[in-house]
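> coordinates only, sequence not included:
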């Protein structure tokens, strides 16, 4: 029972880590970045590169954040910026970008599954139950990311400006806010966080050029339910991630794989705003 | 209204045309507002008053003509550049961030948080009720309080040119009087030039030095606020 509870909590944490970057971009820019899966893959390959160079595996985290942010800046400037008024075209453009990134990764690293050095290994004893130390670390990482994002949004001028743009971009412009710069920085934070998530996923999943795709639909559905609220995202991850674990454990792992998508669709059918008032 | 540009001109519009899509709302409009002047622009609904303010602020592109601030053309400049240059704006449409606190609404008006405390002290002088309610969400204020918050935000940086869009709409006379007092005080203290778009004749003519009536995107009549102003403007505003 304790293992099940820990699985639910840590699965929710992993889903939050994977979805946070997508929400940062969707919440402020109203753009669904369908290259999200590719950025997860880019992050994971930063771990591969770090391992290949024999560096401390923890260095993959800052490396991935910086690589994701820099690539995100180029993407925002060259691809996304002209498409803010055409969000459907932006979905197609970012989807196309994800294919390009996947092919480039294949070109350099091949199609084979890559292996990385685990950031943490072993188990820890919790009330007599041995539990994965890394999954607990993922929970801590999700809390750090959540607190960090909350601090940026609630405690900094950048966050205030981003919230103002979410609420009323026309007024934000009229007050002299540099909406273009705030969009760029937000996109960079979003892609940086996503690449960071890619590193954090490496002990939990195989690393190959298409690894991000498996996470894309779940993250997309969770973000649609969360709207622009990180609090709502945390609730959605806990509820739907919990349901996924329960269905996978007691019914079928295959059905568990579609639980998040089905529940998200149901919630959005009942309320188009999902959990965004959380 | 006047072709010769002088050192005393704050804002000059020459043959400005602007609008949305294929429709021209402002048509070949020329207007000069002098430094330290309060200028009231009036007109019926749909005549282009708000579009004119948005064109000056760069929110709507000028298709032709020139707009000069202190003698320099500002056509094509971004709203951010104009705000930095000292242009303040009190909009009529969705003018507040309803879910942000009063403090955050005011904070967004200053370029840096270092300037915040001094700017807050300044607007508390005009609207003291804000002082004890900074944490309150803007959307929970009454209509009159929201209008005073809009004015306070526009005054935060001590703008050289203030563009105000129908601030008195739906307000009780005491609140209108408070806003009028704040505008006069701001002009007296800082020499602020104010372009006031209004439909409230009593308010507009009580604070303005000159007025103009806008009709279908063009200046239909103009004058100084003398004894016959009210009758002349009323004649233009008849439905």
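Nice, thanks for sending it over. Note that the coordinates shown come from a computational prediction; the quantities given were computed from them, not determined experimentally.
> which residue ranges of chain A form strands?
Using DSSP state E, the strands of chain A run over A:123-126, A:129-132.
> most tightly packed of these?
Most buried of these, by mean neighbour count (mean count of other Cβ atoms under 10 Å in any protein chain shown): strand A:129-132, with a mean of 15. For the C-beta atoms, the positions are set from N, CA and C on the backbone; glycine is no exception.
> and the strands of chain A: which comes nearest residue B:141?
With Cβ to Cβ as the measure, strand A:123-126 is the member of these nearest residue B:141 (49.9 Å).
> state the number of residues packed around residue 34.
Using chain A here. Neighbour count for residue A:34, taken as other Cβ atoms under 10 Å in any protein chain shown: 20.
> wait, chain B was what I had in mind.
17.
> mind checking pLDDT for residue B:92?
With respect to pLDDT, residue B:92 scores 90.
> how near is it to residue B:150?
Separation of residue B:92 from residue B:150 (Cβ to Cβ, to the nearest Å): 9 Å.
> now swap in residue A:174 and tell me
Taking Cβ to Cβ, one finds residue A:174 at 11 Å from residue B:150.
> ok, now how distant is the closest residue to residue A:3 other than its chain neighbours from residue B:210?
Spatial nearest neighbour of residue A:3, excluding adjacent residues (Cβ to Cβ, 6 or more residues apart in numbering or on different chains): residue A:129 at 5.7 Å. Distance of residue A:129 to residue B:210, given as Cβ to Cβ: 81 Å.
> ok, residue 209 - contacts?
I went with chain A, as the question did not name one. Listed by Cβ atoms under 8 Å, 6 or more residues apart in numbering or on different chains, the contact set of residue A:209 reads A:41, A:102-103, A:105-106, A:109, A:111.
> that was the other one, I meant chain B.
Counted by Cβ under 8 Å, 6+ apart, residue B:209 has contacts B:37-39, B:224-225.
> if any of those residues are buried, give me the PyMOL selection for them.
PyMOL command restricting the contacts of residue B:209 to the buried ones, with burial defined by 16 or more other Cβ atoms under 10 Å in any protein chain shown:
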select buried, chain B and resi 37+38+39+225
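> reformat the contacts of residue B:209 as JSON lines; add secondary structure and pLDDT.
Formatted as JSON lines, those follow (DSSP: H, G, I helix; E, B strand; the rest coil; pLDDT from 0 to 100):
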{"residue": "B:37", "secondary structure": "coil", "pLDDT": "95"}
{"residue": "B:38", "secondary structure": "strand", "pLDDT": "95"}
{"residue": "B:39", "secondary structure": "strand", "pLDDT": "95"}
{"residue": "B:224", "secondary structure": "strand", "pLDDT": "87"}
{"residue": "B:225", "secondary structure": "coil", "pLDDT": "82"}
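> what about chain A: which of the contacts of residue B:209 touch it?
Counting by Cβ under 8 Å from any Cβ of the partner chain, nothing from those sits close to chain A.
> any idea how far the residue of the stretch 51-200 of chain A found nearest chain B is from residue B:232?
Residue nearest to chain B within the stretch 51-200 of chain A: residue A:176 (2.8 Å; Cβ to the nearest Cβ). From residue A:176 across to residue B:232, the span is 36 Å (Cβ to Cβ).
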